[in-house]
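J.: predicted model and sequence follow; I will ask about them next.
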Amino acid sequence: MTFNKYKLKKTGAQVVANISRWLVLIGFAYIVLYPFIFMAVNSVKSAKDWIDPTVEWIPKKFSAVNFIGATQVLDYKNVLISTFVNMIVAALISFLSCALVGYGLARFNFMGKKLLLGVMILMILIPDPMIMIATYDSFRHFDVLGILKLLENISGYYIRPNLIDTPLVFWLPALLGTGLKNGLFIYIYTQFFKGLPKELEEAAWVDGAGPLKTFFRIVLPSSGSATVTVLVFSVVWYYNDYYQSQIYLSKNFPLSVRLANFSSYLSGLSSKYTLNEGALLLTSCFIAIVPLLIYFLLLQRKFVQSIATSGIVG
């Protein structure tokens, strides 16, 4: 009798715990999903539904006018191409270059290693605006170790190229491991590679593989959790970057800049699309989020698993 009471009490406690857990998850999901659902619903409302107080969540008439207007305001096709060329390619380059730098810091001892580790920490701590003027000037008068300036003094001709308004202002820092949030990515990879068993690399070295071949054939394929974490963060941060894009580019803006300057692009739009600027703005935000949403849904299972093993907490 006592055992049955204890079992019943334990079962009741489990039911209460499960209900509480589901209530917390549902509430949290509502807080996270509400803005997205709000944008999606209002994007398909007609002009009459917007001024009808009885229409809140389910439109009486679905309309694609807001989507047509938003794609025209954003110049969606060309802006997506610009975003991919300037930002997504830089994100992919960052993911690979940071992995290589992190592997070198984790596995090899060399002169100046502690200095580079300090630089990595500074990259995490120092905000981009503090170095933006110097960086802009470097790209405006691009040079490599002062060689081009020396050749200018000899030849008398200005030969330093201007990289502003080109994808190179994003690609070069990403290639050298100094791009957007690259210090954090290098740190993630360094911590992960320190935990990899050295026996895998030693076996490859015995078979005659050099450091680079070992990295690409053995180490990188074994770093799935860190790779997914860095890939997700890199693409999301580059995709949403506004500050660097606004400074380095004066044309062919990515989606983040175009969306931030939404109001300034409305003047040339047909009047039938500008009757409700709020609806156009909501729709623009919605179609800007959709590519990232699809990207995250494709990687979300691996990403959640990777968080537990990549050293990211809080």
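T.: That came through fine.
J.: please count neighbours and contacts with C-alpha atoms only from this point.
T.: OK.
J.: let me see the contact set for Phe185.
T.: 95, 98-99, 230 (Cα atoms under 8 Å, 6 or more residues apart in numbering).
J.: what kind of secondary structure is it in?
T.: helix (DSSP: H, G, I helix; E, B strand; the rest coil).
J.: quick one: residues contacting Leu259.
T.: Applying Cα under 8 Å, 6+ apart, the residues contacting Leu259 are 74, 284-285.
J.: ok, so of the contacts of Phe185, who is nearest Phe192?
T.: Nearest to Phe192 out of those is Ala99 (Cα to Cα; 10.0 Å).
J.: what's the helix or strand for that closest one?
T.: Using DSSP states H and E, Ala99 maps to helix 89-107.
J.: how about Phe193?
T.: With DSSP H and E as criterion, Phe193 is part of helix 182-194.
J.: buried stuff in that helix?
T.: Under the neighbour-count criterion of 16 or more other Cα atoms under 10 Å, helix 182-194 has 182-193 buried.
J.: let's have those residues in JSON lines, adding distance to Tyr248.
T.: JSON lines is the format used below for the buried residues of helix 182-194 (distance: Cα to Cα, whole Å):
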{"residue": "Asn182", "distance to Tyr248": "18"}
{"residue": "Gly183", "distance to Tyr248": "21"}
{"residue": "Leu184", "distance to Tyr248": "23"}
{"residue": "Phe185", "distance to Tyr248": "23"}
{"residue": "Ile186", "distance to Tyr248": "24"}
{"residue": "Tyr187", "distance to Tyr248": "27"}
{"residue": "Ile188", "distance to Tyr248": "28"}
{"residue": "Tyr189", "distance to Tyr248": "28"}
{"residue": "Thr190", "distance to Tyr248": "30"}
{"residue": "Gln191", "distance to Tyr248": "33"}
{"residue": "Phe192", "distance to Tyr248": "33"}
{"residue": "Phe193", "distance to Tyr248": "34"}
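J.: tabulate those residues (a markdown table), appending pLDDT and distance to Pro127.
T.: Converted to a markdown table, the buried residues of helix 182-194 look like this (pLDDT from 0 to 100; distance: Cα to Cα, whole Å):
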| residue | pLDDT | distance to Pro127 |
| --- | --- | --- |
| Asn182 | 89 | 12 |
| Gly183 | 88 | 11 |
| Leu184 | 89 | 12 |
| Phe185 | 91 | 15 |
| Ile186 | 90 | 16 |
| Tyr187 | 90 | 16 |
| Ile188 | 88 | 19 |
| Tyr189 | 90 | 21 |
| Thr190 | 89 | 21 |
| Gln191 | 87 | 22 |
| Phe192 | 86 | 25 |
| Phe193 | 87 | 26 |
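J.: show me which pair in those residues is furthest apart.
T.: Checking the buried residues of helix 182-194 with Cα to Cα, the most distant pair is Asn182 and Phe193, at 16.3 Å.
J.: and the contacts of stretch 78-95?
T.: Contacts of stretch 78-95 (Cα under 8 Å, 6+ apart): 167, 170-171, 174-175, 177, 179, 182, 185, 227, 230-231, 234-235, 238-239, 252-255, 258.
J.: ok, Leu180 - how many residues close by?
T.: For Leu180, the neighbour count with other Cα atoms under 10 Å is 22.
J.: now Ala70
T.: 28.
J.: so it sits in a strand?
T.: No: according to three-state DSSP, Ala70 belongs to no strand; its state is helix.
J.: quick check: which ranges of the stretch 1-150 of the chain have low pLDDT?
T.: The model of the stretch 1-150 of the chain has pLDDT under 70 over residues 1-10, 12.
J.: any idea which helix or strand carries the residue positioned nearest the centre of the chain?
T.: Note on the chain: the residue nearest the mean C-alpha position is Val236, at 1.7 Å, using Cα atoms, centre = their mean. Assigned by DSSP H and E, Val236 belongs to helix 224-240.
J.: which other helices and strands does that helix contact?
T.: The contact analysis (3 or more Cα pairs under 8 Å, 6 or more residues apart in numbering; DSSP states H and E) places helix 224-240 against helix 89-107, helix 182-194, helix 255-260, helix 277-307.
J.: between the ones you listed, which gets nearest to Gln246?
T.: It's helix 255-260; of these, that one is closest to Gln246 (Cα to Cα) at 6.4 Å.
J.: just the mean pLDDT for the closest one, thanks.
T.: Helix 255-260 comes out with an average pLDDT of 87.
J.: quick one on the thing from earlier: show me which of the contacts of Phe185 is closest to Glu152.
T.: After measuring these against Glu152 - Cα to Cα - the closest member comes out as Cys98, at 33.8 Å.
J.: from memory the closest one sits against Ile188, does it?
T.: No: using Cα atoms under 8 Å, Cys98 is not in contact with Ile188, being 9.1 Å away.
J.: C-alpha coordinates for stretch 158-166, CSV please?
T.: C-alpha atoms of stretch 158-166 as CSV (Å, rounded to 0.1, in the frame of the first residue of the first chain):
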residue,chain,number,x,y,z
TYR,A,158,50.1,56.5,-58.4
ILE,A,159,49.6,52.7,-58.5
ARG,A,160,47.9,51.9,-55.2
PRO,A,161,44.4,50.5,-56.1
ASN,A,162,41.2,51.7,-54.5
LEU,A,163,39.3,48.6,-53.2
ILE,A,164,36.3,50.6,-51.9
ASP,A,165,33.0,49.5,-53.6
THR,A,166,34.5,46.1,-54.4
